[in-house]
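Trainee: Sequence first, predicted model second:
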Amino acid sequence: MTEKYINPHTDFGFKRLFGSEFNKELLISFLNAMFHGEQNVQDITYLNSEQLGDRADARRAIFDVYCENDKGEKFIVEMQNVYQEFFKDRTIYYSTFPIREQAHRGGDWDFHLNPVYTIGLLNFNFAEGLQNAKRWHHEVKLMEVDTHEVFYDKLTYIYVEIPKFDKKETELVTMYDKWMYVLKNLSVLMQRPAALQERVFTRLFEQAEIAKFDNQERRLYEDSVNAYRDIVNAIRTAEKKKFAEGRAEGRAEGRAEGIIEVAKTMINKGMSAELVAEVTGLSLDELQRI
């Protein structure tokens, strides 16, 4: 490997930086930066990232990071590398788990809920419904259509289009700018940028340096990088093939073929059907047919 720092888009890299109790100050800093002062997260508790349905045959959900802050507010944070046709549906579905788990069993319950935030960090441009948006950060809430006023402020979906962030190091102003710069560029940096002098970034670059990994960590990271590259290459190959045909329907078919190739690659590498389904968005029945 020629990289000095880990790729946060990989499963291992993302969870090492943001999904570890040991590094929770990184996630706290990122959340506070993303909410521009509207949140003041002092502490977080990591929760079980594997959520089961109400029935034995219900589809489960596996989150990249699931936590709650010191006020009991729930946060789902997902790094998504592959475009999925029904990704919005997936995020809505995911948000139902932290809502339902707040229901009190027995006794009196007045239906009071703590806020739920579902955050999608997208390594692609999320065109559906956002194609006319100029910014890379999108915050979605329930609103009243006529007045455009927020109707319910306890359910929030945040979509961050990483490829659209194009600020250079000299243009970084806010902490959110700096975190976005890290998310987009960490794996290609060879040293810590001068603009990132805050203490939290000292921690980040220490934890992200590949040379400090032990043998097991290095092996796990290499496996994660290989899986990430397989996904990216399969999608790019399929999209280039269909793009050359110059038809919109061809590009759509290309995405579908790319996802199937990703699934085949993951299965051949011995990954579980549940993990393949989670990454690709394919159902277990579809995977069986593949």
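Mentor: Cool, the structure landed.

Trainee: distance of the residue of the chain most remote from its centre from residue 172?
Mentor: Among the C-alpha atoms of the chain, the one most distant from their mean position (Cα atoms, centre = their mean) is that of residue 107, at 36.7 Å. Using Cβ to Cβ, to the nearest Å, one gets 51 Å for the distance from residue 107 to residue 172. Where C-beta positions appear, they are placed from N, C-alpha and C, glycine not excepted.

Trainee: Also residue 268?
Mentor: The separation that residue 268 has from residue 172, given Cβ to Cβ, amounts to 41 Å.

Trainee: out of these two, which sits in the busier spot?
Mentor: Counting neighbours by other Cβ atoms under 10 Å for residue 268 and for residue 172 shows that residue 172 has the greater number, 18 against 9.

Trainee: Quick check: phi and psi on the more buried one?
Mentor: Main-chain dihedrals, residue 172, degrees, to the nearest 10: phi -80, psi 120.

Trainee: got the contact list for it?
Mentor: By Cβ atoms under 8 Å, 6 or more residues apart in numbering, the contact set of residue 172 is 178, 181, 195, 196.

Trainee: can you tell me which helix in this structure is longest?
Mentor: helix 215-245 (DSSP state H).

Trainee: and that one, average pLDDT?
Mentor: Averaged across helix 215-245, the pLDDT comes to 79.

Trainee: got it, and stretch 121-132?
Mentor: 73.

Trainee: Repeat that for stretch 145-159.
Mentor: Computed over stretch 145-159, the mean pLDDT rounds to 95.

Trainee: what comes into contact with it?
Mentor: Under the criterion Cβ under 8 Å, 6+ apart, residues 34, 91-92, 95, 99, 113-120, 122, 126, 130, 137-144 lie in contact with stretch 145-159.

Trainee: 6 Å instead, please
Mentor: Contacts to stretch 145-159, defined as Cβ atoms under 6 Å, 6 or more residues apart in numbering, come from residues 91, 113, 115-120, 126, 138-144.

Trainee: Can you list the buried residues in it?
Mentor: 155, 156, 157, 158, 159 (16 or more other Cβ atoms under 10 Å).

Trainee: and if you look at stretch 231-238?
Mentor: 231, 232, 234, 235, 238.

Trainee: So what's the gap between that stretch and the chain middle?
Mentor: Relative to its parent chain, stretch 231-238 has a centroid offset of 19 Å by Cα atoms, centre = their mean, to the nearest Å.

Trainee: Restricting to C-alpha, output that stretch in CSV.
Mentor: Taking C-alpha atoms only, stretch 231-238 is exported to CSV below (Å, rounded to 0.1, in the frame of the first residue of the first chain):
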residue,chain,number,x,y,z
ILE,A,231,-17.2,-2.2,-5.6
VAL,A,232,-16.0,1.0,-7.2
ASN,A,233,-14.4,-0.7,-10.2
ALA,A,234,-17.4,-2.8,-10.9
ILE,A,235,-19.7,0.2,-10.9
ARG,A,236,-17.3,2.3,-13.0
THR,A,237,-16.8,-0.4,-15.6
ALA,A,238,-20.5,-1.0,-16.0
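
Trainee: what sits against residue 24?
Mentor: Neighbour list for residue 24: residue 44 [criterion: Cβ under 6 Å, 6+ apart].

Trainee: hang on, residue 42 packs against residue 69?
Mentor: No: under the criterion of Cβ atoms under 6 Å, residue 42 makes no contact with residue 69, lying 7.4 Å away.

Trainee: Who has more neighbours out of these two?
Mentor: Taking residue 42 and residue 69 together and counting by other Cβ under 10 Å, residue 69 has the greater number of neighbours (20 against 9).
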